[in-house]
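**Q** My questions concern the predicted model and sequence given below.
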Amino acid sequence: MGILAWIILGLIAGFLAQALVGGGYGLLGTIILGIIGAVVGGWLATQLGIGTVDAIDIQSIVIATVGAIIVIWIARSVRGRRLAR
């Protein structure tokens with residue numbers, strides 16, 4: 001996929017993840033969240049034999065969104081530990 005496709009996929013996945021679990025990261029943060037989510041979700045999906053993130057299609061969007069939700073969860077966990085100290 002080209003860089004524009006990654007940006008579009010990141011925007012869609014980041015938006016969906018924030019709509020499902022909440023968050024307000026702004027446009028650039030949403031795109032970055034979605035791209036990182038696509039990488040994380042793509043890696044996990046490949047390891048589990050579910051699929052890959054290689055196009056802008058429903059499968060890639062679902063995988064990237066799940067990855068973005070995982071990234072949000074990890075970020076909240078790390079941030080929560082820092083606040084508890």
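**A** Happy to help now that I have it. Residues are numbered from 1 along each chain as shown.
**Q** same for the helix or strand where Q59 lies, what does it pack against?
**A** Element membership of Q59, judged by DSSP states H and E, is helix 58-84. The helices and strands touching helix 58-84, judged by 3 or more Cβ pairs under 8 Å, 6 or more residues apart in numbering; DSSP states H and E, are helix 3-21, helix 26-48. All C-beta atoms are positioned from the backbone trio N, CA, C, and that covers glycine.
**Q** Helix 3-21 and that one, what's the angle between them?
**A** Relative orientation of helix 58-84 versus helix 3-21 (axes from the mean of the first three to the mean of the last three Cα atoms, to 10 degrees): 60 degrees.
**Q** so how far is helix 58-84 off the chain centroid?
**A** Distance of helix 58-84 from the chain centroid (Cα atoms, centre = their mean, to the nearest Å) equals 7 Å.
**Q** Identify each buried residue in it, please.
**A** 60-72 (16 or more other Cβ atoms under 10 Å).
**Q** Export the residues you listed to TSV and append columns for pLDDT and distance to L16.
**A** Formatted as TSV, the buried residues of helix 58-84 follow (pLDDT from 0 to 100; distance: Cβ to Cβ, whole Å):
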residue	pLDDT	distance to L16
S60	92	12
I61	93	7
V62	94	9
I63	94	12
A64	93	9
T65	94	5
V66	95	10
G67	94	11
A68	93	8
I69	94	9
I70	93	13
V71	92	13
I72	91	11
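**Q** hmm, back to that, now the angle between helix 26-48 and the helix holding Q59, please.
**A** Using the same axes, to 10 degrees: helix 58-84 against helix 26-48 is 110 degrees.
**Q** quick one: low-confidence parts of this structure?
**A** 81-85 (pLDDT under 70).
**Q** Report how many residues lie close to G37.
**A** Neighbours of G37 under the rule other Cβ atoms under 10 Å: 27.
**Q** Once you drop chain neighbours, what's closest to it?
**A** Once flanking residues are discounted, G37 sits nearest to A68: 2.7 Å by Cβ to Cβ, 6 or more residues apart in numbering.
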